[in-house]
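Asker: Model the following, please.
(2 chains)
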Amino acid sequence: MAGATYTPIATQTLGSSASTVTFSSIPSTYTDLVLVAGASMASGSTFGLQFNGDSSTNYSRTIIEGNGSSASSSRTTSSASLDVYAPSSPYTLIFNIQNYSNTTTYKTTLWTSRTSSWLGQWVGLWRSTNAITSLSLTGGSSFAAGSVFTIYGIASA
Amino acid sequence: MSPILGIYASQISGHLVTNNYSSIQTVTVGSGGASSITFSSIPSTYTHLQLRAILRTAGGSSGGSQCQITVNGDGGSNYSYHRLAGNGSSTPTEGSGNNSYAYGLARYPQNGDLANDFGVVIIDVLDYANTSKTKTFRSLAGYDANGSGQVQFASAGWLSTSAITNLVITDQSGFNWAQYSQFALYGVR
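Answerer: Numbers count the residues shown, from 1 in each chain, chains lettered A, B, ... in the order given. As a prediction, the model looks like this:
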């Protein structure tokens, strides 16, 4: 029986700049998570996405990107987070974190991000079969006051 | 700085709960694997469809694979596709062609790739029930295997004005879908 399936779980609006944004106690009742960030940087141009507080080298990602005149593809392996690029101007990021609560597969995330000159599509792997119960955006940069972060849950039949 | 903990939406008065995105059917592959995934009798009551999946084959060596989607049982040469893919090291490659199925919309590991690793794909099927337009699929997809993998943008056309009522998803090499692969079809109003 079809029903409402795309539900906001939690949202944060920063009242002041913050170097870390964490969503914890994420319920396991959905199939996929979607994290939407409408943000700008107070400092820095990259940050990391981590799951369940895991800062071990269990992350890797592959990217395809273009700048209007050339295209390239690159990869990082065995990283301490999924690295995310952010432009100096305000931006929107949408992360699709699929089958986040199963305990049998590694977890894969799709997202699109850009810098001031590049736009890229990314796929990132977290090599853990643990269900994702928390996620953090962290890693040296700082999000500006007014940045808004929302996670949604998508439930399947 | 200390982490800022989230405020749960259920604690916010007046938060949005949308009824415009609905689950139609989900198929999770069991221990025996599955040679194909079928969504049949898809209702025409939505404007768009979205297919979200994690997927992997139960056979094959390594290097990933791609899927084929047959619409309404049409095995004629009525499909086309375009794809831009990156493998993490080489210059991105573009592919296109005409086929007897919608091709190239997903990338995912084979049995010999990194264990427990599944590819992901999000496919939008736009205006699928319209009977005056040909149909377009668009997808974001990929997998990463900590040293290998692919990420891509793709689109495919089904050159028919019939409403889409049936989708069959198979691996291009005919391998079974691996256990825990999951295909979830949603309707968007």
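Asker: Please make it C-alpha for all contacts and neighbour counts, starting now.
Answerer: Fine.
Asker: middle-most residue in chain A, spatially?
Answerer: Geometric centre of chain A, nearest residue: A:Phe95, 4.7 Å, by Cα atoms, centre = their mean.
Asker: Tell me where the model's unsure across chain B.
Answerer: Across chain B, the ranges flagged by pLDDT under 70 are B:1-18.
Asker: how about the strands in it?
Answerer: B:7-8, B:18-28, B:37-39, B:48-55, B:65-71, B:79-86, B:93-99, B:102-108, B:119-126, B:135-144, B:149-158, B:167-171, B:182-188 (DSSP state E).
Asker: now those strands in a markdown table, with distance to chain A?
Answerer: Written out in a markdown table, the entries for the strands of chain B read as follows (distance: least, Cα to the nearest Cα, whole Å):
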| stretch | distance to chain A |
| --- | --- |
| strand B:7-8 | 4 |
| strand B:18-28 | 5 |
| strand B:37-39 | 13 |
| strand B:48-55 | 7 |
| strand B:65-71 | 16 |
| strand B:79-86 | 5 |
| strand B:93-99 | 9 |
| strand B:102-108 | 11 |
| strand B:119-126 | 7 |
| strand B:135-144 | 6 |
| strand B:149-158 | 6 |
| strand B:167-171 | 17 |
| strand B:182-188 | 6 |
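Asker: how about the strands in chain A?
Answerer: Using DSSP E, strands in chain A cover A:4-13, A:21-23, A:32-39, A:41-43, A:46-51, A:59-66, A:71-79, A:82-85, A:91-98, A:107-114, A:119-126, A:135-138, A:142-143, A:148-154.
Asker: quick one, phi psi at the closest residue to B:Ser160 other than its chain neighbours?
Answerer: Nearest-residue entry for B:Ser160: B:Thr134, 4.8 Å, with adjacent residues in sequence omitted and distances by Cα to Cα, 6 or more residues apart in numbering or on different chains. Dihedral angles of B:Thr134 (phi, psi; degrees, to the nearest 10) stand at phi -70, psi 170.
Asker: What residues are bridge-paired with A:Tyr152?
Answerer: A:Tyr152 has these beta-bridge partners by DSSP bridges: A:Pro8, A:Val34.
Asker: so it makes contact with A:Pro8?
Answerer: Yes - assessed by Cα atoms under 8 Å, A:Tyr152 is found in contact with A:Pro8 at 4.2 Å.
Asker: How about the contacts made by the residue nearest to the centre of chain A?
Answerer: A:Phe95 is in contact with A:Val34, A:Leu35, A:Val36, A:Thr109, A:Leu110, A:Trp111, A:Thr112, counting by Cα atoms under 8 Å, 6 or more residues apart in numbering or on different chains.
Asker: so where's chain A uncertain?
Answerer: Flagging of chain A using pLDDT under 70 yields the residue ranges A:1-4.
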